[in-house]
Every structure is written in structure tokens, then in C-alpha cells.
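Peer 1: Can you look at this prediction? I've put the sequence above it.
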Amino acid sequence: MKILIVGGVAGGASAAARLRRLSEKDEIIMFEKGEYISFANCGLPYYVGEIIQNRNKLLVQTVEGMGTRFNLDIRNWTEIVQINREAKTVTARKVATGEEYTEPYDKLILSPGASPIKPRIEGIEEAGNVYTLRNIPDTDRMKEKVDLEKPEKAVVIGGGFIGLEIAENLRERGVDVTIVDKSNQVMAPVDFEMAQIVHAHLRQKGVHLLLEENVSAILDEGKKVRLDSGKELDADMILLAIGVKPESMIAKEAGLEIGINGAIKVNEHMQTSDPSIYAVGDVIEVKDYIHGTDTYIPLAWPANRQGRLVADHIHGKEAVYHGTLGTSIAKVFDLSVASTGSNEKILKRQGVPYEVVHVTPNSHAGYYPGASQLNLKLIFDKETGRIYGAQAVGKEGVDKRIDVIATAIKGGMTVLDLPDIEIAYAPPYSSAKDPVNMAGYAATNIMEGMAETVQWHEIDEIVANGGYLLDVRSPGEVAKGAIKGSVNIPIDELRGRLDEIPKDKDLYVTCQVGMRGYLAARILEGNGISVKNLDGGYHLYSIVYK
Ligand SMILES: Cc1cc2nc3c(=O)[nH]c(=O)nc-3n(C[C@H](O)[C@H](O)[C@H](O)COP(=O)(O)OP(=O)(O)OC[C@H]3O[C@@H](n4cnc5c(N)ncnc54)[C@H](O)[C@@H]3O)c2cc1C
């Protein structure tokens, strides 16, 4: 069998290696329009920031090394410019000479990825200091600028994970960084209140954050950036990180079916509308794992997984891709921010009813040095317990908790199963009740009718409309800040002061993170008084409103 692969990095290289492991006989040619194959895209920002100091470390495989190890014909500096489906050939163009030739295939695998979106902004063409980050040459250019010209000010347009990683790495190099994002938050995969923790941390690290701001023009050949609000920012360099678009042009021209965002439509075996052509990675539309709807989620795990599945399917294995959960994580200075599955924004768009719990336990046993607060949010179906998604922000243990919940989702577990996940425990790593267990308990309490909650965004209106909010923290805690209109009765005095609780009002209770509030709710419930607990307590409320 003769198999051609377009694109030699995540999806393409994974497919090539697996194909060879499955058969010594296939002729496999991998085309890559750039110089490098199988490089570490995800490591690029850290080379700019000199966290990764040796450039060679970014080159996971070389053309020679991989070619020999896997007996592949790797043709770098060669771009596929056309797919001729009738003839089952592709047209390849040598980048250096422009020389074109055709190459026949039995199977064709497309893994050309996605390119950074470059919007038409006034003045962008005249500016010589606008950078995007996708590959090694982009990285070299960006690093050279920082090394040689020592820019003082950078404007990063876009607060997604690549934008944030670039911002952090430039900051580490001493550059004064401003992030501009048209949304009201960075890191779209997490919800607004979780992003607030990231916003505060970015500002604490000296990054300027301009939200709900759009760039309207680039002035003075890139020395200034003008925003819709009229504000003007000085810039020695401008970094565009507003998202990516699939490199689907040759697929489109070949008449392959195209879906969301211009991404190639594939079936569960990654076959395009032409069964002898497969497509994987950032160029394809995927099924949302939770809802089964069409979506576009360009990430490295799916690309690698799909690359391998394609090789399996070509070799007659029952290889099925079940959809993408979108499990992702980013380091933002000292914080990690991670999520899996659907966030509230997606569920609202889909019109799916859901319930939320926030828990804020320690990352490991509080008495063991180094523990830090972990903000974990779980979103689920109150009727069935189905887990829709989770988000976590904190200094330690974020990856582990999101990975466990991602595994639980794919294993078909419900929130009722989360308390039963038996985790590895010793004080430096976790608590005997792990944060995932805690989130499971909190969700189980709601499902079993043991607890009713209200959310941070509801409580002000509730109090304004006459709801009675009882704050059960200590007076010392309350003195540091409390929700306007709340009444303080410390939890340990509650049983003795029940007669102070009004009988003619809707009752709500809060504490610092929701734990004592839940206990107070149980005490009140046991005395015939119904009450709802503020989920996440004053901690979560103050993250948003302080
Ligand atoms: C800076 C950065 C950081 C990232 N960090 C993360 C992260 O931390 N976690 C994560 O999950 N994902 C991350 N990603 C995304 C991840 O790298 C991609 O999802 C993944 O590489 C997609 O794999 P792919 O095979 O579809 O495309 P790519 O890995 O981009 O490979 C596509 C290759 O195809 C080549 N090509 C394109 N068209 C042609 C053609 N016509 N002919 C020949 N060759 C062609 C391109 O030159 C390119 O080298 C990051 C991406 C970037 C840019």
C-alpha cells in the first residue's frame, strides 16, 4: 500500500510511526512544507522565555532520525498544493525551486494543522513588528527580536492559552506586557468566575490586562496600537494570538466536505467525504464528546490520538474516535488553569439545564508544608448525575484533578461515583478526602436533596429583594469583608441563637468557601428551617466582586 501524509508534526508524525509499526511493507511518504518535522509546538513559548534553553530540545525528531528509524520517505520543504481525487494523486511543490510533480496514493492522510488568524486591522501590513507563533521559524523570529532589540513594551492581542503563554514568557524576559482581549475574560474554556482568579494573578505579576477591548488600528508602523475605546498603547512588538483557522484550502478545492470554521468533516474513523482520504488534527471538525454536536477543538492530544487511529483503521482495525472533550491546561505564572468537558457558556448555548458546585480544598494536606488552595468547579446534570465538565485553578494539583474527572467522564461515571474514586494519598500529595471526592460529595448532596445552593451571581439580587443571608463565619473573618446585607451568627453559636432567625423570609447561608454554610444548613434544616447555601461562599463571591 502506498500512503501519503500531508504535514509532519503532531498528527502526521503519529500516523507515520504507527503505520510503520503495523506494517513493514507499506510505502509511506510524509510531506512537510517547512524545514522541521515533529517539533514541539507546545514548547515554543518556553524557548522564547528561555525556560527551555536548548533549541535542539524543541526538535523531537529529525528528518534523518525519523526517516531511518521508521523507514519513511520524508520530504520536508515540500508543499502539497493540490489533491487530484480522480487520479488519486497529489501535486507536490518543492518550496526552494517551485518545481512541481505528482505522487500517486492508495491512502492519503491530511494533517496540515491550522494557521494563526491574522485579522485585517488597519496598519497591520505596514507594521514590521507583528508576530504570530506557530512553528520554529516564528519562534526564532520572536526570540531574536527579544534577544537583540530588547523590546520594552509588548501588546499581546488575545488571551487564549497561547496568548497567555507568550505574555508570561515575555514578562519573564523583562518585557512590559499588555494583553488585550475583546471578551470579558481570558482563557475561554473556563467560566467567568474561574477566570477572575487568573486575572488577579496576571495583574499581580505585572501584566496589564485590557478586557472588552478591541484593536481598531496599528499606528506608526507598529509603534502604537489603538483600541476601539480610543486608548492607545505603545508597542515595541505586537503578538497576535486570537485563534487559529484550519489549513483546509486544498481539501476544499478538492471538493471534500467542509464543516464548522472551515474544518474538514470526517466520520468516526477520520475518513473525509472521500473514504480513501483521511484527515486528523487541527484541520478537522470533531464531535463534542458530551453533546455529540459538531465543533472545532484544536489541541495536541486529539491530533496524536487521531493520527494513531487512522493508521489502525487503514490496517483493518476497528478504530473509532469518540469525540473530543477539550481537556486542556495552561501554566499562567504560578497558577495552573485546566478544564475538561462543557463549561457553563457551552451548556447555556446548548440549552442544557445543569447544576454547579465549587469546592476550594487544599491541594494536599493542610498541615504538610506547601499546600495551596485549589479552586475546583464541577458541572453536572442534577437528575442523572452525568458529569458535563470541570474546571480547576490553583498552584498545585490542578492537572491531576482535571485528569481524574476527564477519565471519569470518559468512563461514564456520574458525580455519585466521584466520592468512591480511591485516590493515592499521603500528606504531601492529597488529603484522605481528595478535592475530586469533595466535589463528588457536594454534588451528591445536591442530588440527594441534602443541600440546595445559590450561585455567586444570584446572591446580591436575592438580598436586594429581601432575602435573609446568614453569614456563619467568625466575626474576625467577617470584619475582613462580607456580602452587603448579610447577618453574622458564627456557626458555633447557631444552635443557641435560632430564635434570631426570621420565620417570614427566604433564608440563605454563607461562610468562607461553602463548607460551614452546608453544616449550618443542616443544623437549620434539623430544626425545621429551610435554607439555601451560597456555593463557594464569600471566597468565590469576593473573587468576582472585589
Ligand atoms: C505555540 C503553541 C503552543 C501550543 N500548546 C499546546 C498545548 O500546550 N497543549 C495542546 O494540547 N496543544 C497545544 N498547541 C496546539 C497543538 O500544537 C496542535 O493542536 C497540534 O500540533 C495539531 O497537530 P496537527 O498535526 O493537526 O498540526 P501541526 O502539528 O501544526 O502540523 C501541521 C504541519 O503541516 C504542515 N503543512 C501544512 N500544510 C501543508 C501542505 N499543504 N503540505 C505540506 N505540509 C503542510 C505545516 O507546516 C505543519 O508543520 C499549541 C500550538 C502552538 C502553536
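Peer 2: Received it, and whenever you're ready, just let me know what you need. Just so it is clear, the model here is predicted, and its values are computed rather than measured.
Peer 1: residues from the protein in reach of the ligand?
Peer 2: Within the chain, the positions near the ligand by Cβ under 6 Å from any ligand atom are 6-7, 9-12, 31-34, 41-42, 44-45, 79-80, 111-113, 133-135, 162, 247, 250, 281-283, 298-301, 303, 328. No exception for glycine: its C-beta is placed from N, CA and C like everyone else's.
Peer 1: Mind checking which of those residues land in strands?
Peer 2: Secondary structure from DSSP state E places 6, 31, 79-80, 328 of the residues of the chain next to the ligand in strands.
Peer 1: Could you dump the residues you listed into JSON lines and include pLDDT?
Peer 2: Shown next, in JSON lines, are those (pLDDT from 0 to 100):
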{"residue": "6", "pLDDT": "98"}
{"residue": "31", "pLDDT": "98"}
{"residue": "79", "pLDDT": "98"}
{"residue": "80", "pLDDT": "98"}
{"residue": "328", "pLDDT": "98"}
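Peer 1: ok, and the most crowded of those residues?
Peer 2: residue 6 (29 neighbours; other Cβ atoms under 10 Å).
Peer 1: ok, the residue of the stretch 201-350 of the chain found nearest the ligand - how many residues close by?
Peer 2: Nearest to the ligand in the stretch 201-350 of the chain, going by Cβ to the nearest ligand atom, is residue 281, at a distance of 2.1 Å. Applying other Cβ under 10 Å, we find 32 residues neighbouring residue 281.
Peer 1: Shouldn't residue 357 be within a helix?
Peer 2: No. Assessed with DSSP: H, G, I helix; E, B strand; the rest coil, residue 357 is strand; it does not lie in a helix.
Peer 1: Hmm, residue 439 and it touching each other?
Peer 2: Yes. Here residue 357 reaches residue 439: they are 6.0 Å apart, a contact under Cβ atoms under 8 Å.
Peer 1: quick one: common contacting residues for those two?
Peer 2: Counting by Cβ atoms under 8 Å, 6 or more residues apart in numbering, the residues touching both residue 357 and residue 439 are residue 378.
Peer 1: what helices or strands is the host helix or strand of residue 349 leaning on?
Peer 2: Using DSSP states H and E, residue 349 maps to helix 344-350. Packing partners of helix 344-350 (3 or more Cβ pairs under 8 Å, 6 or more residues apart in numbering; DSSP states H and E): strand 387-394.
Peer 1: just checking, what packs against the strand it packs on?
Peer 2: helix 192-204, strand 335-341, helix 344-350, strand 374-380, helix 398-410.
Peer 1: Report the inter-axis angle for that strand versus strand 374-380.
Peer 2: With axes from the mean of the first three to the mean of the last three Cα atoms, to 10 degrees defining the directions, strand 387-394 sits at 170 degrees from strand 374-380.
Peer 1: Now strand 387-394 - C-alpha only, PDB.
Peer 2: These are the backbone C-alpha positions of strand 387-394, laid out as PDB (Å, rounded to 0.1, in the frame of the first residue of the first chain):
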ATOM      1  CA  ILE A 387     -20.700  15.000  34.600                       C
ATOM      2  CA  TYR A 388     -20.700  17.700  32.000                       C
ATOM      3  CA  GLY A 389     -17.400  19.300  32.800                       C
ATOM      4  CA  ALA A 390     -14.900  20.500  35.400                       C
ATOM      5  CA  GLN A 391     -12.500  23.500  35.800                       C
ATOM      6  CA  ALA A 392      -9.700  24.000  38.200                       C
ATOM      7  CA  VAL A 393      -7.400  26.900  39.000                       C
ATOM      8  CA  GLY A 394      -4.600  26.700  41.600                       C
END
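Peer 1: Quickly run through the sheet partners of it, with directions.
Peer 2: If you go by DSSP bridges, strand 387-394 pairs up with strand 335-341 (antiparallel), strand 374-380 (antiparallel).
Peer 1: can you list contacts of the helix holding residue 349?
Peer 2: 188, 191, 288, 291, 293, 342, 354, 356, 379, 388-389.
Peer 1: Repeat the analysis, applying 10 Å as the threshold.
Peer 2: For helix 344-350, contacts defined as Cβ atoms under 10 Å, 6 or more residues apart in numbering pick out 185, 188-194, 288, 290-291, 293, 295, 326, 341-343, 352-354, 356, 377, 379, 381, 388-389, 391, 455.
Peer 1: residues in contact with residue 137?
Peer 2: Residues in contact with residue 137, defined by Cβ under 10 Å, 6+ apart, are 34-36.
Peer 1: change it to 8 Å
Peer 2: Residue 137 makes contacts with 34-35, as judged by Cβ under 8 Å, 6+ apart.
Peer 1: Over to it. Which of the three states is it?
Peer 2: Assigned by three-state DSSP, the conformation of residue 137 is helix.
Peer 1: Before I go, just wanted to say thanks for your time.
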